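**Q** Fold the following, please.
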Amino acid sequence: VQLVESGGGSVQSGGSLRLSCSGSGFTFEYSGIGWFRQAPGKERERVACIYSNDAHIFYGDFVKGRFTISRDQSQKMVHLQMNNLQPEDTATYYCTTDAWAHCSLTPQYWGQGIQVTVSS
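**A** Here you go, the predicted model:
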């Protein structure tokens, strides 16, 4: 199983970024795909997750309508559109999966991570 994130970078407060995750080695289109993040000195937290067939979507409370997770079946990718980014969103973001239909709080497979930095 391999997961690859793209789309990170640096933006100013209020800006937007779109993260993308592509996967191989498992049935991507029928697997739950999640995003976690971790900032230095802070605990890892789940940002969002989309179940197989988009049956359920979960967002962390801190998202507050700012982020949208979506799946592009044709491209076998999952995107995380992040709007109104704030400095507290600065973290390394990870794409995750258990290579099965659901999402979990302790996914088995992780991407290498991608940095998102938001300046005030």
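
**Q** is the spatially most central residue of the chain in a bridge, and if so with what?
**A** Per C-alpha atoms, centre = their mean, the C-alpha nearest to the average position across the chain is that of Trp35, at 2.7 Å. For Trp35, the residues forming beta bridges with it (DSSP bridges) are Ala48, Cys95.

**Q** do you know how far it is from Val63?
**A** Using C-beta to C-beta, to the nearest Å, Trp35 is found at 10 Å from Val63. Heads up, the C-betas are built off the backbone N, CA and C, glycines and all.

**Q** Could you pull out the residues contacting both of the two?
**A** Listed as contacting both Trp35 and Val63 by C-beta atoms under 8 Å, 6 or more residues apart in numbering are 47-48.

**Q** So the residue nearest to the centre of the chain sits against Ser70, correct?
**A** No: if you go by C-beta atoms under 8 Å, Trp35 and Ser70 don't touch, sitting 11.5 Å apart.

**Q** can you pull out the helices in this structure?
**A** Secondary structure of the chain by DSSP state H: no helices are present.

**Q** can you pull out the strands in it?
**A** Counting by DSSP state E, one finds strands in the chain at the ranges 2-6, 9-12, 17-24, 33-38, 45-50, 57-59, 67-72, 77-82, 91-97, 109-110, 114-119.

**Q** I'd like to know how many residues surround Gln73.
**A** Neighbour count of Gln73, defined by other C-beta atoms under 10 Å: 12.

**Q** check contacts around it.
**A** Gln73 neighbours (C-beta under 8 Å, 6+ apart): Glu29.

**Q** again, but for the one 3 residues further on
**A** Neighbouring residues of Lys76 by C-beta under 8 Å, 6+ apart: 22-23, 28-29.

**Q** Spatially nearest residue to Ser16 (excluding sequence neighbours)?
**A** Asn83 (4.7 Å; C-beta to C-beta, 6 or more residues apart in numbering).

**Q** Over to His102?
**A** Leaving aside its sequence neighbours, His102 sits nearest to Gly32 (C-beta to C-beta, 6+ apart; 5.0 Å).
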